[in-house]
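[1] show me the folded form of this:
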Amino acid sequence: MAVKVVDASALVALIFREDNAAEVDERLEHAVLVAPALLPFEVANVCRTKLRQYPDRRDALLDQFSAQAGVAIEIREVDHLEAVELAERFGLSTYDASYLWLARELGADLVTLDRRLARAAAALGQT
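    Coordinates of the predicted model:
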């Protein structure tokens with residue numbers, strides 16, 4: 001089974017059933033999912049933002065957020081110095097560079113909906 005690094009943009013699309021959820025689901029199908037330790041924090045932050053934007057959907061959003069616990073994702077540590085170097089090289093945040101570093105380290109595809117991050121992954125052959 002293929003190992004794939006999943007970033008917050010892709011996971012959020014699945015969790016909150018956004019327009020591109022089917023595309024992400026297809027890309028992640030039959031894969032072992034891996035992510036840096038920051039993933040749960042990023043997803044929780046998106047949930048909080050959505051709660052502010054859509055207070056009338058509070059219960060549904062919290063249900064969707066809770067359902068993410070059913071998604072098996074192996075959390076891995078990242079070499080932060082190397083992530084900073086990748087961030088500099090590709091003009092990324094260190095958060096995004098953490099996903100890129102992990103994909104490079106594992107020789108895995110990076111599944112993201114972030115265009116800048118996807119371009120960086122393609123430049124490293126991680127798509």
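
[2] show me what the longest helix along the chain is packed against.
    Identified as the longest helix of the chain according to DSSP state H is helix 39-53. On a contact count with 3 or more Cβ pairs under 8 Å, 6 or more residues apart in numbering; DSSP states H and E, helix 39-53 meets helix 8-15, helix 58-67, strand 73-76. C-betas here are computed from N, CA, C, even on glycine.

[3] check contacts around residue 42.
    By Cβ atoms under 8 Å, 6 or more residues apart in numbering, residue 42 lies in contact with 8, 95.

[4] should've said residue 123
    Residue 123 touches residue 90, counting by Cβ under 8 Å, 6+ apart.

[5] and if we set it to 6 Å?
    Going by Cβ atoms under 6 Å, 6 or more residues apart in numbering, residue 123 touches no other residue.

[6] relative to residue 96, how far out is it?
    13 Å (Cβ to Cβ, to the nearest Å).

[7] residue 68 now?
    According to Cβ to Cβ, residue 68 stands 20 Å off from residue 96.

[8] quick revisit: shared neighbours of residue 123 and residue 96, anything?
    With Cβ under 6 Å, 6+ apart, residue 123 and residue 96 have no common neighbours.

[9] count of residues packed around the nearest residue to residue 5 once chain neighbours are set aside?
    Spatial nearest neighbour of residue 5, chain neighbours left out: residue 103 (4.2 Å); criterion: Cβ to Cβ, 6 or more residues apart in numbering. Using other Cβ atoms under 10 Å, residue 103 has 28 other residues around it.
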